[in-house]
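>>> When you get a sec, could you give me coordinates for this:
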Amino acid sequence: MNQRLVDRILPALLAVVLAGCAWLLVAHSRMVRQREEELAGHALSHAHQLVGMRLSGMFNEWEADLQEEAAAVRLGTPKEQLLPRWRALMASHWSINAIRLADEGGGEHGLYRLDTALWLVETRAGSKDSLPVARRLLNSGLDSTGIPWSRFGRYDPRERVWFSKALENHQDVPVWGERQFGDSAENVLQVALLIRSQNARNAYQVMLFDVSLDRAEQLDTRFLPSLGPGMLLFDSEGATLFSSTGAGKDDSANILRNALTQWLTSKTSRAFPIAHEQHAYAAQVAPVMLNGLTLHSLVAIDAARLVHWTEPDRRYTMMGAAALAAVVILLGLLWMRSRQRDRAAGLVSLQLKQSEFRLGKAQGERDALSREVHHRVKNNLQVVSSLLNLQASSLTDGPVRNEFLRGKRRIDTIALVHHRLYDHPDLRRIDLRVFLGQLTASIAELYTDRKGTISVGVETNGITCDQDTAIELGIIVCELVNNAFQHAFPHATGGHVEVTVTRVEGDLHRLMVHNNGVAPDHGLLTGPGKLGLEIVEALAEQLDGSLHVRSGPGVAFEVLFRVHSPASAEVTDAEPGK
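Next up, the predicted model:
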């Protein structure tokens, strides 16, 4: 697989795995929170059950006492016998503030508790012009001196809400209401019951209990510490009727008040969280249904007390989050190190590119300089050739003049080699097929009289070489092809010269110049200055090779030589620039 593709896919896979682990941690944390909410809901339900049992027992007890006293009135018990009953009942029930009995004519007599004293208050039937008369109840009996009872002002019980509720209730059961008791700050509930006479000619009556929840023994706060902050009992308007706070909670009242304020906004039946001074609480409100009145009980608990149930799950979540954070940090460090390595590799790559650019520039300058050298060598050789030609023109025909012309031809051949190298585009990789083809074509142009009868072919099998090797091979080919044009085809029929270059093994190559002309005799091959084979042998030795001549049919000149690869030549060229 491509390394670049791996480098792209692997980070994506790691990101997916880390995202999956993070999602699992979030899901587990959410599950823990849901479990804590369920535990809080169960705890609140249990607390409401305790509160509901207390409230139900308390209200049922008051209703039972009211029905018992109403039964005594219905049986015709005289009023002087009712007073001891009421006194005993109020003595045993500190939460009952008043017991009152009113008739359909507007008359009323009742027993009231003011602080620790009991007062018997009587109101004349149908009288709105005078105040009720109150007499204090002493241990020995009633105080004989009556005083005006100005607590309610001029008073008619028939105008009170509790009286109307009792009349409108057709079930003959106690009916509940609430009001402020005079100028007292206590929140008072009223429970009233219509007393129907057994004789239709007699008037009906209504009995009433005024009860204070703050004095109720049934709501003793000693059973509440397990609830945390405590509980509230309030009406539909949010007015608090009773407040009980847990032990050791100085801010319990504030917590309950904040919970009540929050509930009045949403009025939800579900448990809801409360935050107070960076501490978590949970609260829930349940209705308390009474005949004629609906109250609400609010219970709040300390959510921190439930944490120990989910502490192992929280610990595992924190451990997983810490492990995930460590993996992310480690991967981040590895990524930073990878980025540093990439930057270092980029810097090295940039340096290599700069070095390659400098080497390329230097090689270009070298190629330009080499071309200039070849051009100057060619020009200088042409000057030498011209001088030899002038010198030969001053000589008469004979062996000396022929040697001058032979030397001139060889110099022209070397100049031709440098001229063709000058035109080559890449001096580090000389394509022998192109180079030798150009040389043989130029030599054929020199023999215009034999051009149509002698053909030349070149095949190099795609072999390339450096310019130094090309110069020596070019001189060898020019010498052998010239000899072929001059000596191999004495007849007008002409012939063919084939130049081939093949690879033998490794860097060992073979140059073969074969013609189908007449084979030279032994004297022509060994005679001084005849074919110039001594030059070919010397150049072959410079190429770490040798010259071999084979005859019949025609003649073949085989030169074995060694060629350094262009890569080796590049390394050799780069060494001086290190």
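>>> For the rest of this, base every contact and every neighbour count on C-alpha atoms.
OK.
>>> Could you pull out the buried residues of stretch 454-461?
Going by neighbour count (16 or more other Cα atoms under 10 Å), the buried part of stretch 454-461 is 454, 455, 456, 457, 458, 459, 460.
>>> how about the helices in this structure?
Along the chain, the segments classed as helices by DSSP state H run 3-74, 79-92, 161-168, 252-266, 307-393, 399-423, 432-446, 467-483, 522-526, 533-542, 566-574.
>>> Which one of these lies nearest to residue 147?
helix 79-92 (18.7 Å; Cα to Cα).
>>> which residues are contacting that closest one?
Outside of helix 79-92, the residues within contact range by Cα atoms under 8 Å, 6 or more residues apart in numbering are 73, 96, 97, 98, 99, 111.
>>> quick one: buried residues of that helix?
Residues of helix 79-92 classed as buried: 83, 86, 87, 90 (neighbour count, 16+ other Cα under 10 Å).
>>> Then stretch 325-337?
So, applying 16+ other Cα under 10 Å, stretch 325-337 has no buried residues.
>>> Likewise for stretch 131-146?
For stretch 131-146, burial by neighbour count (16+ other Cα under 10 Å) applies to 131, 132, 133, 134, 135, 136, 137.
>>> And for stretch 113-126?
For stretch 113-126, a neighbour-count test (16+ other Cα under 10 Å) marks 113, 118, 119, 120, 121, 122, 123, 124 as buried.
>>> Quick check: the fifth one touching residue 149?
Yes. Under the contact definition of Cα atoms under 8 Å, residue 121 touches residue 149, with a separation of 7.2 Å.
>>> residue contacts, residue 67?
Residues near residue 67 by Cα under 8 Å, 6+ apart: 174, 193.
>>> Could you check how far it is from residue 335?
84 Å (Cα to Cα, to the nearest Å).
>>> and if you look at residue 272?
Going from residue 272 to residue 335 by Cα to Cα gives 45 Å.
>>> Centre of the chain to stretch 165-179, how far?
66 Å (Cα atoms, centre = their mean, to the nearest Å).
>>> With just CA atoms, put it into CSV.
Output of stretch 165-179 as CSV, limited to C-alpha atoms (Å, rounded to 0.1, in the frame of the first residue of the first chain):
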residue,chain,number,x,y,z
LYS,A,165,-68.3,26.1,52.9
ALA,A,166,-69.9,24.0,55.5
LEU,A,167,-73.4,24.8,54.2
GLU,A,168,-72.4,24.1,50.6
ASN,A,169,-70.9,20.7,51.5
HIS,A,170,-73.5,18.0,51.0
GLN,A,171,-71.5,15.0,52.1
ASP,A,172,-71.7,15.6,55.9
VAL,A,173,-67.9,15.4,56.2
PRO,A,174,-65.5,18.1,57.4
VAL,A,175,-64.5,20.7,54.9
TRP,A,176,-61.1,22.6,55.0
GLY,A,177,-60.1,26.2,54.5
GLU,A,178,-57.4,28.6,55.5
ARG,A,179,-57.1,32.1,56.9
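>>> Farthest out from the centre of this protein, which residue is that? Tell me.
Going by Cα atoms, centre = their mean, the residue of the chain most distant from its centre is residue 396, 100.2 Å out.
>>> Quick check: phi and psi on it?
The phi and psi values for residue 396, taken as degrees, to the nearest 10, are phi -80, psi 160.
>>> Give me the pLDDT for it.
Here the pLDDT value assigned to residue 396 is 74.
>>> And for residue 451?
pLDDT recorded at residue 451 is 65.
>>> likewise residue 434?
89.
>>> ok, now how distant is it from residue 461?
Separation of residue 434 from residue 461 (Cα to Cα) stands at 11 Å.
>>> okay, the buried residues of stretch 454-461 in JSON lines with pLDDT and distance to residue 62 next?
Formatted as JSON lines, these follow (pLDDT from 0 to 100; distance: Cα to Cα, whole Å):
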{"residue": "454", "pLDDT": "86", "distance to residue 62": "145"}
{"residue": "455", "pLDDT": "88", "distance to residue 62": "141"}
{"residue": "456", "pLDDT": "90", "distance to residue 62": "139"}
{"residue": "457", "pLDDT": "92", "distance to residue 62": "135"}
{"residue": "458", "pLDDT": "93", "distance to residue 62": "132"}
{"residue": "459", "pLDDT": "94", "distance to residue 62": "129"}
{"residue": "460", "pLDDT": "92", "distance to residue 62": "127"}
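>>> Can you find the helix or strand in this protein with the smallest mean pLDDT?
Within the chain, no helix or strand scores below helix 566-574, which has a mean of 42 by mean pLDDT, DSSP states H and E.
>>> Spit out the contact partners of the nearest residue to residue 296 once chain neighbours are set aside.
Nearest non-adjacent residue to residue 296, counting by Cα to Cα, 6 or more residues apart in numbering: residue 287, 4.4 Å away. Counting by Cα under 8 Å, 6+ apart, residue 287 makes contact with 294, 295, 296, 297.
>>> burial measure for the last one, as a count.
What that stands for is residue 297. 22 (other Cα atoms under 10 Å).
>>> Then the first one?
The tally of other residues near residue 294 (other Cα under 10 Å) stands at 14.
>>> and for residue 121 and residue 149, which residues touch both?
With Cα under 8 Å, 6+ apart, residue 121 and residue 149 have common neighbours 132, 133, 134.
>>> Might you report the residue contacts of the last one?
Pointing back at residue 134 there. By Cα under 8 Å, 6+ apart, residue 134 lies in contact with 119, 120, 121, 122, 146, 147, 148, 149.
>>> Right, I'll leave it there.
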